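Student: Prediction below, plus the sequence it came from.
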Amino acid sequence: MRTAVSRFAAYQQPRSAMAVASAAGSSIQFQARDMSCSTFAVAAKKAQSTFAEQKTKEAQLQGKQLFETETLDDIPDPVAAVSSKTTMTPELATDIVNAATALRIRPVAGTIYTAVMKWALMPEVVEKMPVEALSRLLHSAVILHSPHLFDLLITYLWRVVEAAPTMDAVTCAVIINAYGRGGVKHTKLYKALGDRALQTVSDSSITMAHVANMSYALSRVNYGNKELYTKLKDQCLALRKGASPLIVASILESFATAGIIDDDLFDAYESILAKNLEKCSPPLLASIISTLAKAKREKSEPLFATCRKRVIYVADTFDSASIGRVMEALYISGVSDEDLLAALSERSCKIPSDFRVVEVRQTLEALAHFGLYDPELFPLLGSRIAGILRSRGVFDLDNVASTLAAFATVHERHEDLIVVGTRVLSDAAQSMAPRTYINSLYAFAIHNVRNEGQRKMIEGARPHYAILQQEAARDSKLAPRLEVVTKTYFK
């Protein structure tokens, strides 16, 4: 691996389960047949039990094939009245989705899992569904990424609000996790669930996994009940013995995201992580570094330095997402570690096609911020983002503008990116955030861009210059860029 000094230049369709079994020479075969709901639930529980005992791929495959090949003959048609002969009940539905979750089936493979979810959405069922059974349906939909998750969350929202005061501890925890991970934001919902969680979070049935999931889910929807977070913190400390690095890191990230930095919690959990860094995967290492930067514990804590050394050691195993997170953490914290930046830059040069637009921005923005130009990496990632823009891939305008600004900061041009980036940004100028506008105009000014798109954006900015000034006043990194824009275009 090149040293930091030499690295930087100074700048003036998936296969079916049956197909897999066939390829592996498996003798497992099923013939599709109609089964009653109760019969299938028994078979599903048996398959789940067999897999739990044997823990083999063959046992898992056999269970998956059960879901993919069988059909139910007595589940009601969602668009028709409930059949009088159906044997489907909330208890049977719970057994079926629990087995599906344990076996990690594909929710869109076969008809049974979909049929159960559609049954649960029928008005007659919604009225009578016990919240304990609902929690299992939601948990399964979250774990398996079911396309029916959002339908379930919205359909049952008011039922959950009404039932919250009587929920048991585990049901409350599981439902909070589902709504938080689903990104549903609803004041009355979280008020009801939060009030109940305050009463139940200390229950003996609550495990470390429940606490971690609740913390993460609540941080995702910006639920800021400090009293609840205090109780969650107490549980975290009480249950920390034997906690895995994954759960420990998840909890710290959740608290940091919520803006609740408790020294007792962070000290205890950082100590656990420091002893287990060799067990941490690249995404987990990236998460830890990102959390410490977010919590502003990067300069006084030895864990931040130890993590950086570990990342350098295993940099060749890092994926683009993990690289981006570490780069962004260094940028946010202002910690310049050229050996680490060099190691991650070298790794990035080997996998440029893996980078998404946000990861390109995170990486180049950090390098530019520290005044480092990599003559191999910048052109590679510039071409990567230009290709994504040309193919109309998924991207965020702020990431595009920030990447152009990173090139401008090190005074390096990427002609293809300038051309396509200017077009994309000018086309969306009317709906652009102030931060994105400043970065765009800054890049245009430094690169001396002169075209119709650039002129369109300048004229669009003139009536709203005061808004750009307000944005720059809130962000010290934007202020000098707006000065360049002002001197170039508005003086």
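Tutor: Great, that's in hand. Here the structure is a predicted model, which is why all the values come from computation and not from measurement.
Student: helices or strands next to the host helix or strand of His210 in the packing?
Tutor: Using DSSP states H and E, His210 falls within helix 208-220. Helix 208-220 sits against helix 169-181, helix 187-200, helix 226-238, helix 245-257, with contacts defined as 3 or more C-beta pairs under 8 Å, 6 or more residues apart in numbering; DSSP states H and E. The C-beta positions use only the backbone N, C-alpha and C, and glycine is treated the same way.
Student: Convert the C-alpha atoms of the last one to CSV, please.
Tutor: It stands for helix 245-257. Extracted in CSV, the C-alpha atoms of helix 245-257 (Å, rounded to 0.1, in the frame of the first residue of the first chain):
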residue,chain,number,x,y,z
PRO,A,245,-20.6,-5.8,19.4
LEU,A,246,-23.4,-5.4,16.8
ILE,A,247,-26.0,-4.6,19.4
VAL,A,248,-23.7,-2.4,21.4
ALA,A,249,-22.8,-0.4,18.3
SER,A,250,-26.5,-0.2,17.3
ILE,A,251,-27.5,1.3,20.7
LEU,A,252,-24.7,3.9,20.7
GLU,A,253,-25.6,4.9,17.1
SER,A,254,-29.3,5.3,18.1
PHE,A,255,-28.5,7.4,21.1
ALA,A,256,-26.1,9.6,19.1
THR,A,257,-28.7,10.0,16.4
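Student: what does that helix rub up against?
Tutor: 208-209, 211-212, 215-216, 218-220, 229, 233, 236, 240, 261-262, 265-266, 269-270, 272-273, 276-277, 279-280, 284, 287-288, 290-291, 294-295 (C-beta atoms under 8 Å, 6 or more residues apart in numbering).
Student: Pull out the buried members of the residues you listed.
Tutor: Burial by neighbour count, 16 or more other C-beta atoms under 10 Å: within the contacts of helix 245-257 this picks out 208, 211-212, 215-216, 218-220, 229, 233, 236, 240, 262, 265-266, 269-270, 272-273, 276-277, 280, 284, 287-288, 290-291, 294-295.
Student: Over the helix or strand where Glu58 lies, what's the mean pLDDT, rounded is fine.
Tutor: Following DSSP H and E, one finds Glu58 within helix 57-69. The average of the pLDDT scores along helix 57-69 is 93.
Student: and that helix, which residues are buried?
Tutor: Buried, per 16+ other C-beta under 10 Å, within helix 57-69: Ala59, Gln60, Leu61, Gln62, Gly63, Lys64, Gln65, Leu66, Phe67, Glu68, Thr69.
Student: Over to stretch 171-188?
Tutor: In stretch 171-188, counting by 16+ other C-beta under 10 Å, buried: 171-182, 184, 186.
Student: picking that back up, closest to Glu328 out of the helices and strands packed on helix 208-220?
Tutor: helix 245-257 (13.6 Å; C-beta to C-beta).
Student: relative to helix 226-238, how tilted is the closest one?
Tutor: Helix 245-257 and helix 226-238 are oriented at 160 degrees to each other (axes from the mean of the first three to the mean of the last three C-alpha atoms, to 10 degrees).
Student: quick one, what contacts the closest residue to Asp354 other than its chain neighbours?
Tutor: Residue nearest to Asp354 in three dimensions, not counting chain neighbours: Ser320, with 4.3 Å by C-beta to C-beta, 6 or more residues apart in numbering. Residues counted as contacts of Ser320 (C-beta under 8 Å, 6+ apart) are Ser348, Ile351, Asp354, Phe355, Arg356, Glu359.
Student: name the element the first one belongs to?
Tutor: If you go by DSSP H and E, Ser348 is part of helix 338-350.
Student: Can you name the next helix or strand after that helix?
Tutor: Immediately after helix 338-350, counting by DSSP H and E, sits helix 357-369.
Student: now the following helix or strand past that next one against helix 357-369, angle please.
Tutor: Remark: after helix 357-369, the chain's next helix or strand is helix 377-390, criterion DSSP H and E. Put simply, helix 377-390 runs at 150 degrees to helix 357-369, going by the same axes, to 10 degrees.
Student: Mind exporting the C-alpha coordinates of the helix or strand just after helix 377-390 to CSV?
Tutor: On the C-terminal side of helix 377-390, the nearest following helix or strand under DSSP H and E is helix 397-409. The C-alpha trace of helix 397-409 is given here as CSV (Å, rounded to 0.1, in the frame of the first residue of the first chain):
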residue,chain,number,x,y,z
LEU,A,397,-28.9,16.8,-6.0
ASP,A,398,-27.0,17.8,-2.9
ASN,A,399,-24.6,14.9,-3.4
VAL,A,400,-24.0,16.0,-7.0
ALA,A,401,-23.4,19.6,-6.1
SER,A,402,-21.1,18.6,-3.2
THR,A,403,-19.0,16.4,-5.5
LEU,A,404,-18.6,19.2,-8.0
ALA,A,405,-17.6,21.4,-5.1
ALA,A,406,-15.0,18.9,-3.9
PHE,A,407,-13.3,19.0,-7.4
ALA,A,408,-13.4,22.8,-7.2
THR,A,409,-11.8,22.8,-3.8
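Student: Now do the next helix-or-strand element following helix 397-409: which elements does it pack against?
Tutor: For helix 397-409, the succeeding helix or strand toward the C-terminus, using DSSP H and E, is helix 415-427. Applying 3+ C-beta pairs under 8 Å, 6+ apart, one finds that helix 415-427 contacts helix 377-390, helix 397-409, helix 434-446, helix 452-461.
Student: Give the burial count for Thr39, as a bare number.
Tutor: 16 (other C-beta atoms under 10 Å).
Student: just to revisit the earlier point, how about a markdown table for the helices and strands packed on helix 415-427, with distance to Glu91, mean pLDDT and mean neighbour count added?
Tutor: Listed next are the helices and strands packed on helix 415-427 as a markdown table, based on distance: least, C-beta to C-beta, whole Å; pLDDT from 0 to 100; neighbours: other C-beta atoms under 10 Å:
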| stretch | distance to Glu91 | mean pLDDT | mean neighbour count |
| --- | --- | --- | --- |
| helix 377-390 | 49 | 95 | 20 |
| helix 397-409 | 48 | 95 | 24 |
| helix 434-446 | 52 | 96 | 25 |
| helix 452-461 | 61 | 92 | 17 |
